[in-house]
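>>> Give me a model of this one.
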Amino acid sequence: MKTIKSSYEYVIIGSGFGGSFPAYQLAKAGKEVCIIERGVWVKRDDTCWDEFALHLQKQPLYQGHTPYLVDQRGKVEADWPYDTVGGMSTFYGAAAFRLRVQDFAGPPQPDSDKRNTKLAWPFDYKTLAPYYDKAEELQCVAGIRGQDITEPPRKKDYPQKPPLQLSRPSQKIWDAATQLGLHPFYIPMAINFTGKCNSMPCILCNTCDHYLCKIRAKMDLSISVLPKALDYGAILLDNHRAVKINFSKNKAQSVEIINQGTGQRHTIKCKYLIIAAGPIATPHLLLASGIESVSSATQHIGHNLMRHINGVVSGVVPYIANPDNTLAKRVAIADYYYGDSSSQGFPRGNWGIIQDIATPGKGVIKANAPFGLKNIAATFSQFLINQLVIAEDIPQYTNRVYCLNSKDTFGMPNTAIYHRYHSRDIAVREALYNAAKRILKQAGAKIFYYMPIITFSHALGTCRMGNDKNLSPVNPECRLWDITNCYITDASVLPTGGSVNPSLTIAANALRVADIMLKR
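Model (predicted):
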């Protein structure tokens, strides 16, 4: 058992993208760093590739202790997070995109091709570019420079080249898109394809997205960045939950934590505090700690929740789609990122990106199929080719994370979420559905199925940064207004999400903030 000191120079809450990268940067600079993480280290055994153990049994492995109470479809439902060291990087699909230059100009405006510049980022792409480079190096991202027609400027090649051979469904998507005059490219991925990143190269299995990597080839943060931070002297308190931040005299003075296994409580003082618990847990912790009594810029904490508007289009093809059962998340198409170039499509303005994605396991399909179609759906799963569409959603003040009066098992207010999509969001997803269907039809699909994604895996924006404290809880340095030593570095601070997976942007911004802190 680790000895917990009463005080640390830097305390970081969370070990996901917003926590691991500043922990590495600060520890490398010789700073004393303590990371508080409510998750546990994952076991690298056969359960990593077991859909029943991870997703279908009554209490899945790594399920968190307390659920979120979510109202997104007119009724309140429990949504259980997964809690692991490394945050959700352990389960993610390893896509590592940069935001495009225009994404920093603000979110889209309804019925317009303009952006809402009042909610623009407080800096531009050029500021983040060198930190994107560093984040890609730390996760050994594989990609091919210059393939993506919307790729933002970059000075360096990717740290790795991906394998050029594609799975059968990925190749079908590539060929169909090319035949339609589109420009497919290899998804940049944080996977050890070549063996240069560690001793365990990827075997191109099809259990990556939503699964753990048994052989440590997926460069999730518990494999890539956290070990480096620990080697430089950072300490990690896993299975410990931060339950309250004590603010006084415009500072975060200490953090109260609880060992989730033993119930033992500690109070840790800090010189600097970084909150990186995630875009749901971070605003919840701040609100539960009474942040409104010490900061004059709290009216937006928890509000403006975004999560992209995502969906999957599946096409039934007259052949076994992936007979070799190899990695099927390889290809992306960005021709519709800025909308319909013919100016005939609706809605106006930017749309988003299309990516191929693996078919879920038969058990997951059966569990989620409509009653009466479960066995049929599972049987037809081997004949599916799928495409994921990702579109930017508009921030709305009413979409929020907030505290309930009831308490959870740790004595904290229960976490509640309210979310509804804007009509423009839905229109953009429909437009991308049609574009993806066209590609699948060219690939030979005869029947199509559409499945909206309702998870919060791409959540962001609940503590957005900005130049105006009347519009943003944190300043351009990601420091809470009026609090001199408390920073937020997770997806909460992103003012917009563009239309790509947010992980690399979270990492790059967290490195930027760590550099700011080191210069103080």
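
>>> CA atoms only for stretch 420-437, dumped as PDB, please.
Only the C-alpha atoms of stretch 420-437 are listed here, as PDB (Å, rounded to 0.1, in the frame of the first residue of the first chain):
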ATOM      1  CA  ARG A 420     -31.000  17.200 -26.400                       C
ATOM      2  CA  TYR A 421     -29.600  17.800 -29.900                       C
ATOM      3  CA  HIS A 422     -30.300  20.900 -31.900                       C
ATOM      4  CA  SER A 423     -32.300  20.500 -35.100                       C
ATOM      5  CA  ARG A 424     -29.200  21.400 -37.100                       C
ATOM      6  CA  ASP A 425     -27.200  18.600 -35.400                       C
ATOM      7  CA  ILE A 426     -29.800  16.100 -36.500                       C
ATOM      8  CA  ALA A 427     -29.900  17.400 -40.100                       C
ATOM      9  CA  VAL A 428     -26.100  17.100 -40.400                       C
ATOM     10  CA  ARG A 429     -26.200  13.500 -39.200                       C
ATOM     11  CA  GLU A 430     -28.900  12.700 -41.700                       C
ATOM     12  CA  ALA A 431     -26.700  14.300 -44.500                       C
ATOM     13  CA  LEU A 432     -23.700  12.100 -43.400                       C
ATOM     14  CA  TYR A 433     -25.900   9.000 -43.200                       C
ATOM     15  CA  ASN A 434     -26.900   9.500 -46.800                       C
ATOM     16  CA  ALA A 435     -23.300  10.000 -47.900                       C
ATOM     17  CA  ALA A 436     -22.200   6.900 -46.000                       C
ATOM     18  CA  LYS A 437     -25.100   4.900 -47.500                       C
END
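
>>> Return the set of buried residues in that stretch.
The neighbour-count check on stretch 420-437 (16 or more other Cβ atoms under 10 Å) flags 421-422, 424-433, 435-437 as buried. From N, CA and C alone the C-beta is placed, and that goes for glycine too.

>>> Return the member of those residues nearest to Ile354.
Here the nearest of the buried residues of stretch 420-437 to Ile354, counting by Cβ to Cβ, is Ala436; it sits at 5.2 Å.

>>> What helix or strand is that closest one located in?
helix 423-442 (DSSP states H and E).

>>> and Asp45, how many neighbours does it have?
When counting by other Cβ atoms under 10 Å, one arrives at 11 neighbours for Asp45.

>>> Quick check: closest non-adjacent residue to it.
Nearest residue to Asp45, sequence neighbours excluded (Cβ to Cβ, 6 or more residues apart in numbering): Lys214, at 6.8 Å.

>>> ditto for Thr359
Leu384 (4.7 Å).

>>> Also Pro162?
Nearest residue to Pro162 in three dimensions, chain neighbours excluded: Ala142, at 4.3 Å (Cβ to Cβ, 6+ apart).

>>> quick one, phi psi at that neighbour?
Backbone torsions for Ala142, taken as degrees, to the nearest 10, come to phi -110, psi 130.

>>> and it, bridged to which residues?
Gln160, Met189 (DSSP bridges).

>>> wait, it sits on Phe193?
Yes - between Ala142 and Phe193 there is a contact at 5.0 Å, judged by Cβ atoms under 8 Å.

>>> who has more neighbours, these two?
Counting neighbours by other Cβ under 10 Å for Ala142 and for Phe193 shows that Ala142 has the greater number, 27 against 18.

>>> which other helices and strands contact the host helix or strand of Lys366?
Assigned by DSSP H and E, Lys366 belongs to helix 362-368. Applying 3 or more Cβ pairs under 8 Å, 6 or more residues apart in numbering; DSSP states H and E, we find helix 362-368 packed against helix 374-380.

>>> What are the buried residues along the helix it packs on?
Along helix 374-380, these residues count as buried under the neighbour rule (16+ other Cβ under 10 Å): Ala377, Ala378, Phe380.

>>> before we move on, what about stretch 444-463?
Within stretch 444-463, the residues that qualify as buried are Ala445, Ile453, Phe456, Ser457, His458, Ala459, Leu460, Gly461, Thr462, Cys463, counting by 16+ other Cβ under 10 Å.

>>> Would you mind finding the longest strand in the chain?
strand 265-275 (DSSP state E).

>>> In its sheet, which strands sit next to that strand, and in what direction?
Strand 265-275 has the following strand partners under DSSP bridges: strand 7-13 (parallel), strand 251-259 (antiparallel), strand 486-488 (parallel).

>>> Looking at those strands, which one is packed in the most?
Of those, the one with the most neighbours on average (mean count of other Cβ atoms under 10 Å) is strand 486-488, at a mean of 27.

>>> Run through who's touching that strand.
With contacts defined as Cβ atoms under 8 Å, 6 or more residues apart in numbering, strand 486-488 is touched by 18, 245, 247, 251-252, 272-276, 282, 463, 473-474, 477-480, 513, 517.

>>> could you pull out the helices for the stretch 51-200 of the chain?
Counting by DSSP state H, counting those that start in this stretch, the stretch 51-200 of the chain has helices at residues 51, 125-139, 168-179.
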